[in-house]
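1. I would like the atomic coordinates for the input below:
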Amino acid sequence: MKPIQSELKAWMDKNENFKTNYTRIKNEILSDPSVKAFLRDHPELTDHDIEKNLMRLYEYKSQSKQCDRCASFGECQNLMQGYSPVLSMDKNEIRLSYEKCHSRIQVEEQEAQQKLFQSLYMPKEILEAKMSEVIQDNSRISAIGEIISFLEEAKSGLPKKGLYLHGSFGIGKTYLLGAIANELKKRNYSTTLIYMPEFVREIKGSFKDDSFNEKIDFFKKADVLMLDDIGAELQSAWFRDEVLGSVLQYRMMEGLPVFFSSNFDLNELEKELASTRNGVEEVKAGRIIERIKQVSSVVKMSGKNRRDE
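-> Sure thing, here's the model as predicted:
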């Protein structure tokens, strides 16, 4: 049996049009600046080697290299979206592989950062909260100072205490939590922000699908946990002691910070936590308050009700 190369050559000799087109394409490939640069770096390649690997060189030439022909990741024109071709040598054999392009790396980094800020039942406004808008508000000056101190310390390691933000209804406590979470994700810390009344319902609902322990562990182990509007939920002794108490105890022992927002100061919150269907349980409520003090620093906020604007 004749070698395939000689058979192909014989066929090409009989088909002048194909031969002409083949020669034209070959010249286009070899005149491409990126291909020429590669061949110049590998003078050991013979004409036979180049001929044998012409299809790889064509594939390399025809695609965008590190986004030089693509306006964005979504408009990538390559065979593999977000991957740039790379030529290399292996024993006089030209190899073609692919590496992530700049745009794909940037998109993946953005997606990874976005996953660091997880929220349950929070409006879009909170998810997009910006510290740059927060610091322009003089009415939040006391809270801003504490937040800046926390974020500065977080540059070298996660502080053991978050903040307990309390004040009247509608002054922007939840927005502050969202802004802090967005700053923390820039430092690659994962944050979980949850609205407390929904936290209660989430945990109760977990008994239906046997996910109770999994969800409790999730809240226990997040880098930063944020509990929004604590004291607003309908309180039960079981939730207070077995869920909230368990989560706070774990985070206190592990030195993991918790942020809170509440319409109540700690004395008022203690009274709320003490009142259950079982009656008034001051000792157990006091334990929760002590744990809150261990995982957060108290900051009183003031200002006008922004929800009336």
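
2. show me the shaky parts of the stretch 101-250 of the chain.
-> 105-121, 138-139, 234-235 (pLDDT under 70).

3. what about the helices in it?
-> Remark: helices assigned in the stretch 101-250 of the chain by DSSP state H, counting those that start in this stretch are 102-116, 124-127, 131-134, 141-154, 173-186, 196-205, 212-221, 237-238, 245-254.

4. between these, which gets nearest to R277?
-> Nearest of those to R277, taken as Cβ to Cβ: helix 237-238 at 7.2 Å. For every residue, glycine as well, the C-beta is placed using N, CA and C.

5. and that closest one, what does it pack against?
-> The contact analysis (3 or more Cβ pairs under 8 Å, 6 or more residues apart in numbering; DSSP states H and E) places helix 237-238 against no helix or strand.

6. ok now it, how far from the chain's centre?
-> 34 Å (Cα atoms, centre = their mean, to the nearest Å).

7. and if you look at stretch 32-46?
-> 41 Å.

8. so S97 sits against S84, correct?
-> No: S97 is beyond contact range of S84, at 9.9 Å (criterion: Cβ atoms under 8 Å).

9. comparing the helices of the stretch 101-250 of the chain, which comes out most buried?
-> helix 173-186 (a mean of 23; mean count of other Cβ atoms under 10 Å).

10. now the angle from that one to helix 141-154?
-> 20 degrees (axes from the mean of the first three to the mean of the last three Cα atoms, to 10 degrees).

11. quick one: contacts of helix 173-186?
-> 113-114, 116-117, 119, 122, 125-131, 133-134, 140, 143, 147, 150-151, 154, 165-167, 191, 193, 223-224, 226, 228-229, 259, 261-262, 301 (Cβ atoms under 8 Å, 6 or more residues apart in numbering).

12. show me the strands in the protein, by range?
-> Along the chain, counting by DSSP state E, strands occupy 83-90, 93-100, 117-120, 162-166, 191-195, 224-228, 258-262, 275-276, 279-280, 296-300.

13. okay, the ones you listed in CSV with distance to H48 and mean neighbour count next?
-> Shown next, in CSV, are those (distance: least, Cβ to Cβ, whole Å; neighbours: other Cβ atoms under 10 Å):
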stretch, distance to H48, mean neighbour count
strand 83-90, 15, 16
strand 93-100, 12, 14
strand 117-120, 57, 18
strand 162-166, 69, 25
strand 191-195, 60, 22
strand 224-228, 62, 26
strand 258-262, 68, 25
strand 275-276, 86, 17
strand 279-280, 93, 10
strand 296-300, 73, 16
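
14. any chance of those in a markdown table, with distance to N53 too?
-> What follows is those, written out as a markdown table (distance: least, Cβ to Cβ, whole Å):
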| stretch | distance to N53 |
| --- | --- |
| strand 83-90 | 9 |
| strand 93-100 | 4 |
| strand 117-120 | 47 |
| strand 162-166 | 59 |
| strand 191-195 | 51 |
| strand 224-228 | 53 |
| strand 258-262 | 59 |
| strand 275-276 | 77 |
| strand 279-280 | 83 |
| strand 296-300 | 64 |
